[in-house]
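>>> pasting the structure only:
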Ligand SMILES: O=C[C@H](O)[C@H](O)COP(=O)(O)O
Ligand SMILES: C=C(OP(=O)(O)O)C(=O)O
Ligand SMILES: [Mn+2]
């Protein structure tokens with residue numbers, strides 16, 4: 001009979017102490033909680049709740065990302081800038097998952113390469129801000145820092161940080177992830193459903209192009225099935241959850257010890273990234289993330305020096321473990337061709353193997369005279385092109401893209417073949433933070449990236 005008993009390894013006390021070392025360091029971008037006892041109680045409650053992801057899944061993802069770093073796969077990471085509690089509806093979650101599945105099909109088909117699918121979903125609730133406050137009509141209040149911290153309504157009550165939101169964040173992440181798992185494990189993501197993922201979306205040129213491609217895939221599947229191939233393996237799709245690891249009063253209590261080997265794993269998401277504003281090498285975030293086993297990302301903006309990058313590699317990936325470290329380049333279309341090549345060259349002598357992905361969103365923000373935060377689709381495309389060019393020149397692998405998107409027909413980014421202009425932004429602008437590509441713009445971008453990828457492999 002099979003022995004089902006597990007060897008349970010307890011954590012070394014110094015490992016646990018290390019997980020709290022960040023508390024002695026400068027910690028950027030945390031809210032001013034008015035009631036520290038309530039925060040301590042919420043964190044203690046979260047620490048007793050079940051993990052949202054398992055250490056074994058995290059390890060599989062690390063292998064997938066290692067493949068992407070070697071140029072044998074490509075990471076597609078996308079979702080809201082700021083998920084909201086009210087936005088965690090079945091329809092919105094389904095539309096986002098469908099959009100990512102459709103983009104992944106376009107990329108797989110165009111580049112004949114496995115696509116690692118990952119949502120900025122099920123925990124993307126905390127936001128770093130440029131300013132601690134926001135002023136409207138002469139009134140100044142704390143900035144909105146994401147639903148896990150405070151409310152968006154512009155009143156003193158709503159903008160005050162509220163520790164009860166930490167626990168609500170956990171439960172909203174749990175129900176979102178539950179639905180994602182149902183969609184991706186229950187047959188909905190089966191490649192034989194490739195047509196149905198397009199149902200319900202408005203008809204437009206990108207959809208039309210997608211339909212054509214789906215028809216070709218359908219034909220190929222029917223041919224292979226007739227020839228005896230077994231496609232049941234395609235019923236389930238691996239789909240990973242990720243968010244910015246920002247809010248320490250949430251991330252620390254979600255950290256658990258893997259009983260199989262005594263190492264700490266953050267169980268709030270498979271993958272977490274450190275933002276551009278919190279990647280200080282001597283700061284709390286980098287220290288905490290250096291101690292957990294999940295694959296992690298670091299955003300790199302245009303001011304990043306080779307020295308910054310090298311110190312991050314040594315601190316976060318001292319053992320040069322394949323799949324452990326992802327650099328998310330977010331330079332801006334006007335800067336990437338100057339800012340990325342020195343980093344790609346600088347790394348050659350380091351025996352390091354990070355995955356490089358492009359976030360073409362965060363370096364391309366602009367505010368219209370009417371006050372909308374937006375981005376131009378053309379700048380986004382141009383930055384992606386600059387990212388591929390830099391890798392081509394350096395002989396390194398362009399390993400993925402990181403996109404703010406939604407499956408809904410919002411009007412938040414300018415351009416695309418629908419030609420959204422400044423006046424259109426008011427029609428359907430729903431993001432509480434940064435502008436997202438809508439469904440059609442997301443598909444269009446996928447077709448463009450597929451062309452770049454096909455040329456790169
Ligand atoms: O994704 C997030 C934003 O880029 C970040 O929160 C900064 O936004 P802000 O300049 O509006 O504060
Ligand atoms: C805040 C974000 O990005 P960055 O840290 O690159 O500015 C984000 O991804 O929403
Ligand atoms: Mn954002």
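Nice, I can see it. It should be emphasised that the depicted structure is a prediction, and the values quoted were computed from it without experimental measurement. Ligands and ions are numbered 1, 2, ... in the order given.
>>> hey, where'd the helices end up in the chain?
13-19, 36-48, 55-69, 90-111, 156-159, 164-185, 205-226, 248-251, 284-290, 306-316, 336-346, 377-394, 439-456 (DSSP state H).
>>> of all the ones you listed, which lies closest to ligand 2?
Nearest to ligand 2 among the helices of the chain is helix 284-290; the distance by C-beta to the nearest ligand atom comes to 11.0 Å. The C-beta positions use only the backbone N, C-alpha and C, and glycine is treated the same way.
>>> CSV for the helices of the chain, including mean pLDDT and mean neighbour count?
Output for the helices of the chain, formatted as CSV (pLDDT from 0 to 100; neighbours: other C-beta atoms under 10 Å):
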stretch, mean pLDDT, mean neighbour count
helix 13-19, 92, 13
helix 36-48, 98, 14
helix 55-69, 98, 19
helix 90-111, 94, 22
helix 156-159, 98, 13
helix 164-185, 98, 19
helix 205-226, 84, 14
helix 248-251, 98, 22
helix 284-290, 98, 22
helix 306-316, 98, 17
helix 336-346, 98, 19
helix 377-394, 98, 20
helix 439-456, 94, 21
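>>> kindly reformat these as CSV containing distance to residue 364.
Listed next are those as CSV, based on distance: least, C-beta to C-beta, whole Å:
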stretch, distance to residue 364
helix 13-19, 36
helix 36-48, 35
helix 55-69, 23
helix 90-111, 19
helix 156-159, 28
helix 164-185, 27
helix 205-226, 20
helix 248-251, 28
helix 284-290, 24
helix 306-316, 21
helix 336-346, 10
helix 377-394, 4
helix 439-456, 13
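>>> residue 237: which of these is closest?
helix 164-185 (4.7 Å; C-beta to C-beta).
>>> for the closest residue in space to residue 158 that isn't next to it in sequence, what are its contacts?
Closest residue to residue 158 apart from its sequence neighbours, by C-beta to C-beta, 6 or more residues apart in numbering: residue 151 at 3.5 Å. Counting by C-beta atoms under 8 Å, 6 or more residues apart in numbering, residue 151 makes contact with 144, 157-159, 162.
>>> from the residues you listed, pick the one nearest residue 312.
Closest approach to residue 312 among those (C-beta to C-beta): residue 144, at 28.8 Å.
>>> does that closest one really touch residue 153, like I thought?
No: Residue 144 is beyond contact range of residue 153, at 9.0 Å (criterion: C-beta atoms under 8 Å).
>>> show me what contacts the nearest residue to residue 398 once chain neighbours are set aside?
Nearest in space to residue 398, with sequence neighbours left out and distances taken as C-beta to C-beta, 6+ apart, is residue 391 at 4.2 Å. When contacts are counted by C-beta under 8 Å, 6+ apart, residue 391 touches 344, 356, 397-398, 456.
>>> residue numbers of the stretch 301-450 of the chain in contact with ligand 1?
With the criterion set to C-beta under 6 Å from any ligand atom, the stretch 301-450 of the chain comes near ligand 1 through 362, 433-434.
>>> which residues does whichever residue of the chain sits closest to ligand 2 contact?
In the chain, the residue found nearest to ligand 2 is residue 275; the distance is 3.1 Å by C-beta to the nearest ligand atom. If you count contacts by C-beta under 8 Å, 6+ apart, residue 275 has them with 29, 128, 244, 246, 299.
>>> wait, the second one sits on residue 246?
The one in question is residue 128. Yes: at 6.0 Å, residue 128 and residue 246 qualify as touching, with contact defined as C-beta under 8 Å.
>>> sorry, back to before: got the helices of the chain as JSON lines, with distance to ligand 3 columns?
Conversion of those to JSON lines gives the following (distance: least, C-beta to the ion, whole Å):
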{"stretch": "helix 13-19", "distance to ligand 3": "27"}
{"stretch": "helix 36-48", "distance to ligand 3": "24"}
{"stretch": "helix 55-69", "distance to ligand 3": "21"}
{"stretch": "helix 90-111", "distance to ligand 3": "15"}
{"stretch": "helix 156-159", "distance to ligand 3": "19"}
{"stretch": "helix 164-185", "distance to ligand 3": "17"}
{"stretch": "helix 205-226", "distance to ligand 3": "23"}
{"stretch": "helix 248-251", "distance to ligand 3": "18"}
{"stretch": "helix 284-290", "distance to ligand 3": "17"}
{"stretch": "helix 306-316", "distance to ligand 3": "21"}
{"stretch": "helix 336-346", "distance to ligand 3": "18"}
{"stretch": "helix 377-394", "distance to ligand 3": "13"}
{"stretch": "helix 439-456", "distance to ligand 3": "15"}
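>>> circling back to that earlier point, among the contacts of residue 151, give me the pair with the biggest separation.
The largest separation in the contacts of residue 151, counting by C-beta to C-beta, is between 144 and 157 at 13.4 Å.
>>> tell me, how many residues neighbour the residue of the stretch 351-457 of the chain found nearest ligand 1?
Per C-beta to the nearest ligand atom, residue 434 is where the stretch 351-457 of the chain lies closest to ligand 1, at 4.5 Å. Number of residues near residue 434 (other C-beta atoms under 10 Å) recorded here: 18.
>>> the residue nearest to it when sequence neighbours are not counted: what's it in contact with?
Once flanking residues are discounted, residue 434 sits nearest to residue 81: 3.7 Å by C-beta to C-beta, 6+ apart. Neighbouring residues of residue 81 by C-beta under 8 Å, 6+ apart: 120, 124, 127, 404, 431-436.
>>> just these now: which is nearest residue 374?
When those are compared for distance to residue 374 (C-beta to C-beta), residue 435 wins out at 4.8 Å.
>>> touching, residue 33 and residue 39? I think so.
Yes: between residue 33 and residue 39 there is a contact under C-beta under 8 Å: 4.8 Å.
>>> so what's in contact with those two at the same time?
Both residue 33 and residue 39 are contacted by 163, 249, under the criterion C-beta under 8 Å, 6+ apart.
>>> related to what we said a few turns ago, surely the residue of the stretch 351-457 of the chain closest to ligand 1 and residue 374 touch.
No: between residue 434 and residue 374 there is no contact under C-beta under 8 Å: 9.1 Å.
>>> now the common contact residues for the two.
By C-beta under 8 Å, 6+ apart, residue 434 and residue 374 have these common neighbours: residue 365.
>>> what's the burial count for the residue nearest to residue 190 when sequence neighbours are not counted?
Leaving out its chain neighbours, the residue that sits closest to residue 190 by C-beta to C-beta, 6+ apart is residue 235, at 4.8 Å. A total of 16 residues lie near residue 235 under the criterion other C-beta under 10 Å.
>>> over to residue 457?
Counted by other C-beta under 10 Å, the residues lying close to residue 457 total 13.
>>> how far away is it from residue 72?
Between residue 457 and residue 72 the computed distance is 10 Å (C-beta to C-beta, to the nearest Å).
>>> this completes my enquiry, with thanks.
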